[in-house]
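In: please work out how this folds:
(one chain, ligands or ions: 1)
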Amino acid sequence: MKREAVLITGANGEIGHGLIDYLQQKCDFDIIAMDIQPLDESLSAYCHQFIQGNILDVKLLNEIANQYPIRTVYHLASLLSTGAEKNPELAHNVNVNGTFNLLKMADILGEKSGVATKFIYPSSIAAYGLPGIKEKMSAGKVTEDQYISSTITLYGINKLYCENLGRYFMDYYGQIQPEGARKNVDFRAVRFPGLISAITLPTGGTTDYGPEMIHAAAQNKPYACFVRPDTRLPFMVMPDAIKSLILLEAAPKASLTQTVYNVTSFSPTAQELVDIVKGAFPDAQIAYKVDESRQRFVDTWPVDIDDSAARRDWGWAPEYDQDRAFYELLIPAVKQRYGTKIGH
Ligand code: VAH
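Out: Alright, predicted model coming up:
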C-alpha cells in the first residue's frame, strides 16, 4: 500500500522552498514536487518524486493522479502580479486554466479515495482593488469581502476567479448531474500579503521591493526602490506564510466558516523598510526610482488586512512581528547567506 502523498506545484518557487523545507520534517507522507523548472538541488533529497512538467498538461496530471494517493494539493504555481501584466495570455493560462486542471485532478483523486482532496490555495492582497490612495489610507484593516469588485491587475483578477473556482469545485461541480454535486474537493485559501524570505528572492511580484532591498544591501549592491517612500503595504516573513498554510490544511473542516482567509503580520512603508535596512547595512545604497505602473497597482492594495477570521477559525497568529522579522530572522540570515561584513 503506497503511503499518502502531498502534491506541491510551483515547488521551485519561494513558497515551495519554504513549504518543502517544513514538510520534510514530517515523515508520514510522501512529497510529490512539480515545477516547470528543474528542482533546486537543495530540495530534491526531501521529495519522494519530482515531476518537471506543466500544469497545463492534462495527460500528465491524469498520470500523476493514477500513480500517487495524493490527499492534499498545495497549488503554488503562478505568474505574479508584475509578470502577469507583461504576459497576460500566459498568466491567464497558468493562473486560471492550470488551476482548473488541478481542481479537476483533485476531484478525481477525491472520488478514488472516498475522501475530499484538500486543495490549499495561496491567494493574495492583489485581489483587492481600493478605488484610490485616499480610500486606501482611510480604509483601515480590510476584511475578505471588502473592495473585491474593482481589482485592477490580471493577477488579482485571476486570484479572485480561482477563489470562486475552488469554492465551485468544492460545493457545486457536477450539480447538474442526476447524482448532484460531486463534493470531492476541500478547497481552502489564504490571501497573502507581500512575503519576505531570507533564502530566496521573488520573481515578478510587485511587493518585491521589500525582499529585494534587503538582499541587495547584504550584497553591497545598490538598489532602486520602484515605489514611493510613503507606500504602505502588509507583509510577513516566509516562515509565517508556511505556518498559515500548514495550520489551514490541518484545521477541522467544521471549524472553517469561510473559504478564503486574510493572513498578515506587519505593514511598513517603503521608507520604514529602507530605514531598517540602512540601520543594519550602513553602507547600503538605496535610491527611489518609481515605476508608475507598479505604483498604480500597490496604490489599490490595502494598507492592512483584517485576519481575525483566520485567528478565530484556525488559530492563526504570526510568529514574527516587524522587529522579530528583521532583527531575529531576516538580517542575521542574509548576513550569513552573503557573508556580509559591515563597512566592506
Ligand atoms: C506580488 N508577491 O507582488 C505577490 C503578491 C501582494 C502581491 O501576491 O505579485
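In: mind checking how far stretch 204-214 is from the chain centre?
Out: Centroid displacement of stretch 204-214 relative to its chain, using C-alpha atoms, centre = their mean, to the nearest Å, is 14 Å.
In: show residues contacting it.
Out: Stretch 204-214 is contacted by residues 79-84, 86, 126, 153, 193-197, 201-202, 223, 225-227, 233, 235, 268, 270, 273-274, 277, 284, 286, 294, 297-298, 326, 330-331, 334 when judged by C-beta atoms under 8 Å, 6 or more residues apart in numbering. C-beta: built from backbone N, CA, C; applies to glycine.
In: same question, stretch 304-323
Out: 125, 128, 140-144, 190-191, 193, 234, 236-237, 239-240, 243-244, 247-248, 250-251, 255-258, 261-268, 328-329.
In: of those, list those near the ligand.
Out: residue 125 (C-beta under 6 Å from any ligand atom).
In: and the contacts of stretch 304-323, which are buried?
Out: For the contacts of stretch 304-323, a burial check counting by 16 or more other C-beta atoms under 10 Å picks out 125, 128, 141-142, 144, 190-191, 193, 234, 236-237, 239-240, 243-244, 247-248, 251, 256, 258, 261-268, 329.
In: what about the nearest residue to residue 23 once chain neighbours are set aside, neighbour count?
Out: Nearest residue to residue 23 in three dimensions, chain neighbours excluded: residue 31, at 5.7 Å (C-beta to C-beta, 6 or more residues apart in numbering). For residue 31, the tally of surrounding residues (other C-beta atoms under 10 Å) stands at 21.
In: which ones among the contacts of stretch 204-214 are found in strands?
Out: 194, 195, 196, 223, 225, 235, 286 (DSSP state E).
In: show the pLDDT at the residue lying farthest from the centre of the chain.
Out: Distance from the C-alpha centroid of the chain, by C-alpha atoms, centre = their mean, peaks at residue 178 (37.3 Å). Note on residue 178: pLDDT of 98.
In: let's have the chain start at 603 instead
Out: Yep, numbering from 603; the last one is residue 780 now.
In: before we move on, back to that, filter the buried ones among the contacts of stretch 906-925 down to just the ones in helices.
Out: 841, 842, 845, 846, 849, 850 (DSSP state H).
In: what is the nearest of these to residue 626?
Out: Nearest to residue 626 among these: residue 841, at 14.6 Å, using C-beta to C-beta.
In: how near is that closest one to the ligand?
Out: 16 Å (C-beta to the nearest ligand atom, to the nearest Å).
In: show me the contacts for that residue.
Out: 620, 921, 922, 931.
In: please tell me how far the second one sits from residue 840.
Out: Between residue 921 and residue 840 the distance is 11 Å, computed by C-beta to C-beta, to the nearest Å.
In: how confident was the prediction at the residue of the stretch 753-902 of the chain found nearest the ligand?
Out: At 2.8 Å from the ligand, residue 807 is the closest residue in the stretch 753-902 of the chain, using C-beta to the nearest ligand atom. pLDDT, residue 807: 97.
In: so it: helix, strand or coil?
Out: coil (DSSP: H, G, I helix; E, B strand; the rest coil).
In: please report how far it lies from residue 871.
Out: On the measure of C-beta to C-beta, residue 807 and residue 871 end up 18 Å apart.
In: when these two are compared, which one has more neighbours?
Out: Ranked by neighbour count (other C-beta under 10 Å), residue 807 and residue 871 place residue 807 first, with 25 against 16.
In: low-confidence ranges, the protein, go.
Out: 943-946 (pLDDT under 70).
In: just the buried residues of stretch 668-683, please?
Out: For stretch 668-683, using 16+ other C-beta under 10 Å, the buried residues are 670, 672-683.
In: could those residues go into a markdown table alongside distance to residue 643?
Out: A markdown table is the format used below for the buried residues of stretch 668-683 (distance: C-beta to C-beta, whole Å):
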| residue | distance to residue 643 |
| --- | --- |
| 670 | 23 |
| 672 | 24 |
| 673 | 27 |
| 674 | 25 |
| 675 | 24 |
| 676 | 21 |
| 677 | 24 |
| 678 | 19 |
| 679 | 20 |
| 680 | 23 |
| 681 | 24 |
| 682 | 24 |
| 683 | 29 |
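In: closest one to residue 761 out of those, please.
Out: residue 680 (8.3 Å).
In: the closest one - nearest residue in space that isn't next to it in sequence?
Out: Nearest one to residue 680, counting by C-beta to C-beta, 6+ apart, is residue 697 at 5.4 Å.
In: what's the burial count for that neighbour?
Out: 22.
In: now swap in the one 5 residues further on and tell me
Out: For residue 702, the tally of surrounding residues (other C-beta under 10 Å) stands at 17.
In: same check on the one 4 residues further on?
Out: Residue 706 is surrounded by 18 other residues when neighbours are defined as other C-beta under 10 Å.
In: mind checking how far it is from the ligand?
Out: The gap separating residue 706 from the ligand is 24 Å, by C-beta to the nearest ligand atom.
In: could you tell me whether that residue really is in a helix?
Out: Yes: counting by three-state DSSP, residue 706 is located in a helix.
In: what residues are up against it?
Out: Residue 706 sits in contact with 660, 663, 771, where contact means C-beta under 8 Å, 6+ apart.
In: and with 6 Å instead?
Out: Residues counted as contacts of residue 706 (C-beta atoms under 6 Å, 6 or more residues apart in numbering): none.
In: next: residue 710.
Out: residue 667.
In: tell me which element the residue nearest the centre of the chain is part of?
Out: Against the mean C-alpha coordinate of the chain, by C-alpha atoms, centre = their mean, the closest residue is residue 724 at 4.3 Å. Here residue 724 sits within strand 719-726, counting by DSSP states H and E.
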